[in-house]
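> Sequence below, structure please.
(chains A and B)
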2 protein chains.
Amino acid sequence: MKRWNIVLTGFGTVGKQIARLLQERKDRYRQLYQADVRLVGVARSIGGLYDPHGLAEEGLNAFAQEKKAAASAWNAEAWLAKTEADILIEAGPSDVQTGGASLGFIRQALTKGMHAIAVSKGALVVDYSGLSALAKEQGVQLKISGATAAALPTIDLFTYNLAGCEIRHVEGIFTGTTNFVLTSMMEEGISSEEAIRRAQAMGIAEPDPTYDIEGFDTASKLTILANAAFAAPIKLSDIPRASVREVTPEQIAEWKQSGRVPKLVGTIRPTADGIQAAVELKAVEASHPFARVKGTTKAIRVETDVMGDLMVVGGKSDPVAAAAAALKDLEHILSK
Amino acid sequence: MKRWNIVLTGFGTVGKQIARLLQERKDRYRQLYQADVRLVGVARSIGGLYDPHGLAEEGLNAFAQEKKAAASAWNAEAWLAKTEADILIEAGPSDVQTGGASLGFIRQALTKGMHAIAVSKGALVVDYSGLSALAKEQGVQLKISGATAAALPTIDLFTYNLAGCEIRHVEGIFTGTTNFVLTSMMEEGISSEEAIRRAQAMGIAEPDPTYDIEGFDTASKLTILANAAFAAPIKLSDIPRASVREVTPEQIAEWKQSGRVPKLVGTIRPTADGIQAAVELKAVEASHPFARVKGTTKAIRVETDVMGDLMVVGGKSDPVAAAAAALKDLEHILSK
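Here you go, the predicted model:
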């Protein structure tokens, strides 16, 4: 039985589900992978916990309740170094401009020879290629399912299901929130502002919805996928974006009239000038497979040379599903 | 650079594409996996070729043209033993009653410590659990994508994309031929016999279409998937089947009238009494995601506990795509 020590940075809604599922699946890991998997460390902005034998549920619960910073001595870097873990799961706040604390955690983990599983996008958006090169150099894995549409397989398709194929075109509905807003506008004839308010009331959109609504979320996922699956040095700022906020009731009426359906679509296309990526507002024909992808549902369509086209639809968009995506990555590491 | 010697049994339409793609992707394997992949042996019913340095294209072409058995000394078992290969790709004729020669090849390969990639279904339908136990014992892999809907990911979903999830329900359109027949009947108002003849004329259905038309193909895939993904000891004969031959123009007219669409659906469902599998003729509502899956297109829908539902549609059904599915499996082996 091999021992695997896990540390988790970020203990919000997703982080808590990761800790819960890790506990729940202990026997599964023992049986399937002969792996004794233990969560030995958890950090959030106010401080960190560490127990080399594995953290107990009560300790985690108390830690989740803590309101203020512990001692002034809280030093995240020293904490992570001390844990000597085998795998880092990074689920902290995402900062797509600087990478934030996540970037530091992932870099430090890879440098120390830990595998890293990213759930938050920031670090990957800012420096996927640097992190990936570092992982390769260290002979460890950098896994990114949680950051690239989570329960909807995206990176898996390119690296696993379609391994060996040439990818000719990728398009996807990668952001549940914007698809919910557009679907509500189409089906209920409301304005984008009203649809956004409803999404917020239902907990689908953030209090500040800009990141999703203005296409940054889709563009962030495209940035990571373009770097990870196509080795394309694309930056977030390279990707043209569209905003669903600008869609007017008049446009909606016109699309309804002509039998079309608006979708915020992220595309990646290899061209003679390199990989092109864009976030576009497309009014697709009713016969297009995306026309029936409604509400918060996500989808991806991939065209290949020898396996034809593949479309995947679904995968829940909630903290449990995001946690499960990270733990899928964990199993891929355990199975190697 | 690690050397990987491959042997291929079966040199029909799929086998030839496997040989071609292996040659075409040599550089890819070197770069991605530091693997020097060589096809060192090929066998068909009349005899076998072997060259420890790798077979050349001219030799393969001449071998493909050969009409009669070579010397009476042709002994498949001795040939396979001599090759001392690392991986067997089995793409011979499928015999779902006895497993045929394929079963012997795969058993022998696993026993000798080779990994095995199955494209034909027979051996897996007859003895997946035995072969899988043997592979485990020998510390090698038994890969089955080519035998379970090929370019449409099925086994991948359970073992990779949804790793860690509990699978609550599986349904699929697993046979392109029957879906083509039913689609033609619906769209052109022709009889099942006429639709089958058209499928034969287009090379979609076999000269003897029974295996596809009467649900054996779907049932075979269900048998393999139930054994491989659910460790369920289900036999082909345990699975109730439906035949599209029995669909009448009157039924078609009735379904059209009520806005429903007939599909030959394979299902796997975990129940309190164990795994249940069935091949059913279902008239799905127009809003069901399968209603829009037409012609030879295949699809699978999976319901999970924590990741929600996932539906995958597409994947070409031709010899090149089947070969590419086998070589996807090869890359999974190379990447370990």
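
> name the element A:Asn61 belongs to?
Element membership for A:Asn61, per DSSP states H and E: helix A:57-65.

> And the pLDDT for the residue lying farthest from the centre of chain A?
What lies farthest from the middle of chain A is A:Gln257; by C-alpha atoms, centre = their mean that is 35.7 Å. Note on A:Gln257: pLDDT of 96.

> show me what contacts it?
Residues counted as contacts of A:Gln257 (C-beta atoms under 8 Å, 6 or more residues apart in numbering or on different chains): none. All C-beta spots, glycine's among them, are computed from the backbone N, C-alpha and C.

> Report the separation between it and A:Glu250.
11 Å (C-beta to C-beta, to the nearest Å).

> Same question for A:Arg25.
The value you get for A:Arg25 to A:Glu250, if C-beta to C-beta is used, is 51 Å.

> ok, those two, which is more surrounded?
Higher neighbour count among A:Arg25 and A:Glu250: A:Arg25, with 17 against 8, using other C-beta atoms under 10 Å in any protein chain shown.

> Excluding chain neighbours, what is closest to that one?
B:Gly164 (6.4 Å; C-beta to C-beta, 6 or more residues apart in numbering or on different chains).

> same deal with A:Val261?
Nearest-residue entry for A:Val261: A:Ala291, 4.3 Å, with adjacent residues in sequence omitted and distances by C-beta to C-beta, 6+ apart.

> quick one: the helices in chain A?
A:13-24, A:26-33, A:57-65, A:76-83, A:100-111, A:122-138, A:155-156, A:176-188, A:192-201, A:210-213, A:216-230, A:249-257, A:319-334 (DSSP state H).

> Can you confirm whether the last one lies near chain B?
What that stands for is helix A:319-334. Yes: Helix A:319-334 is in contact with chain B by C-beta under 8 Å from any C-beta of the partner chain, via A:Val320, A:Ala321, A:Ala323, A:Ala324, A:Ala325, A:Leu327, A:Lys328, A:Leu330, A:Glu331, A:His332.

> ok, back up a step: in the helix holding A:Asn61, what counts as buried?
Within helix A:57-65, the residues scored as buried using 16 or more other C-beta atoms under 10 Å in any protein chain shown are A:Leu60, A:Phe63.

> how far off helix A:13-24 does that helix point, in degrees?
For helix A:57-65 against helix A:13-24, the angle by axes from the mean of the first three to the mean of the last three C-alpha atoms, to 10 degrees is 180 degrees.

> now for helix A:57-65, which elements pack on it?
Contacts defined by 3 or more C-beta pairs under 8 Å, 6 or more residues apart in numbering or on different chains; DSSP states H and E place helix A:57-65 against helix A:13-24, strand A:35-44, strand A:47-50.

> Present these as JSON lines; the columns should include mean neighbour count and mean pLDDT.
Shown next, in JSON lines, are the helices and strands packed on helix A:57-65 (neighbours: other C-beta atoms under 10 Å in any protein chain shown; pLDDT from 0 to 100):
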{"stretch": "helix A:13-24", "mean neighbour count": "20", "mean pLDDT": "97"}
{"stretch": "strand A:35-44", "mean neighbour count": "22", "mean pLDDT": "97"}
{"stretch": "strand A:47-50", "mean neighbour count": "20", "mean pLDDT": "94"}
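
> for the record, mean pLDDT for the helix holding A:Asn61?
92.

> Pull that helix out as CSV, backbone CA atoms only.
Output of helix A:57-65 as CSV, limited to C-alpha atoms (Å, rounded to 0.1, in the frame of the first residue of the first chain):
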residue,chain,number,x,y,z
GLU,A,57,-13.0,16.0,10.3
GLU,A,58,-13.5,17.9,13.6
GLY,A,59,-10.3,19.8,13.0
LEU,A,60,-11.3,20.7,9.5
ASN,A,61,-14.7,21.9,10.6
ALA,A,62,-13.2,24.1,13.3
PHE,A,63,-10.7,25.5,10.8
ALA,A,64,-13.5,26.3,8.4
GLN,A,65,-15.2,28.4,11.1
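
> Might you enumerate the residues of the stretch 151-300 of chain A proximal to chain B?
A:Ala151, A:Leu152, A:Pro153, A:Asp156, A:Tyr160, A:Asn161, A:Leu162, A:Ala163, A:Gly164, A:Cys165, A:Pro289, A:Arg292.

> what residues are up against the first one?
If a contact means C-beta under 8 Å, 6+ apart, then A:Ala151 has A:Gly314, A:Gly315, A:Lys316, A:Ser317, A:Ala321, A:Ala322, A:Ala324, A:Ala325, B:Met307, B:Gly308, B:Leu310 as its contacts.

> wait, which of these is closest to A:Lys121?
A:Ala322 (11.3 Å; C-beta to C-beta).

> Burial check on the closest one, number of neighbours?
Residues near A:Ala322, counting by other C-beta under 10 Å, number 28.
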